[in-house]
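Asker: Compute the structure for the input listed below.
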Amino acid sequence: MYNLILITNILRILDEKDMTKSELAEKAGVSISFFTDLTNDKANPSLRIIEAIAEALETPLPMLLESSDMSMADLEALTNRKLKHLPKGFIWKGGVLSEYEAFQVEQWDKKNRAFLLKSKK
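Answerer: Modelled structure (predicted):
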């Protein structure tokens, strides 16, 4: 589960920064084969490697380990790159919210996911 969260966050940030796996591997100082194994959930990175990846992504290390309230299917879809890029005007963000703010965000999320599903048909 923790690898899936790490991998999902790395792939999401890669998409946000419009970076390739090869660019990230080079910038982080890891081999592309290791990075490919990592994103395919076939490698267990050390904390030092996770830190190097965070630095290469210019992202605080805790964000790579940030849990999500996304369903397992959504996490797997992101990891397997089935969602690719969100349509123009949509972004994915994680953050610390009050309970009321979280409720509002959940409502917006439901509305936007319904809209995206309709637009795919």
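Asker: Quick check: can you list the domain ranges of the protein?
Answerer: The record assigns the chain these domain ranges, following automatic domain parsing: 2-85, 86-121.
Asker: mean pLDDT lowest for which of the ones you listed?
Answerer: When the domains of the chain are compared on mean pLDDT, domain 86-121 scores lowest, with a mean of 76.
Asker: Now it: buried residues?
Answerer: Counting neighbours by 16 or more other Cβ atoms under 10 Å, one finds that domain 86-121 has no buried residues. C-beta here means a position set from N, CA and C on the backbone, and glycine is covered the same way.
Asker: measure Q104 to S98 for me?
Answerer: 9 Å (Cβ to Cβ, to the nearest Å).
Asker: Next: G89.
Answerer: Counting by Cβ to Cβ, the gap between G89 and S98 amounts to 26 Å.
Asker: residues contacting the residue lying closest to L24 once chain neighbours are set aside?
Answerer: The shortest distance from L24 to any non-neighbouring residue, by Cβ to Cβ, 6 or more residues apart in numbering, is to A56 (5.6 Å). By Cβ atoms under 8 Å, 6 or more residues apart in numbering, the residues touching A56 are L24, K27, A28, G29.
Asker: Determine the longest helix present in the protein.
Answerer: When secondary structure is assigned using DSSP state H, the longest helix within the chain turns out to be helix 99-120.
Asker: Tell me who's in contact with L57.
Answerer: Counting by Cβ under 8 Å, 6+ apart, L57 has contacts I10, I13, L14, K17, M19, L24, L64.
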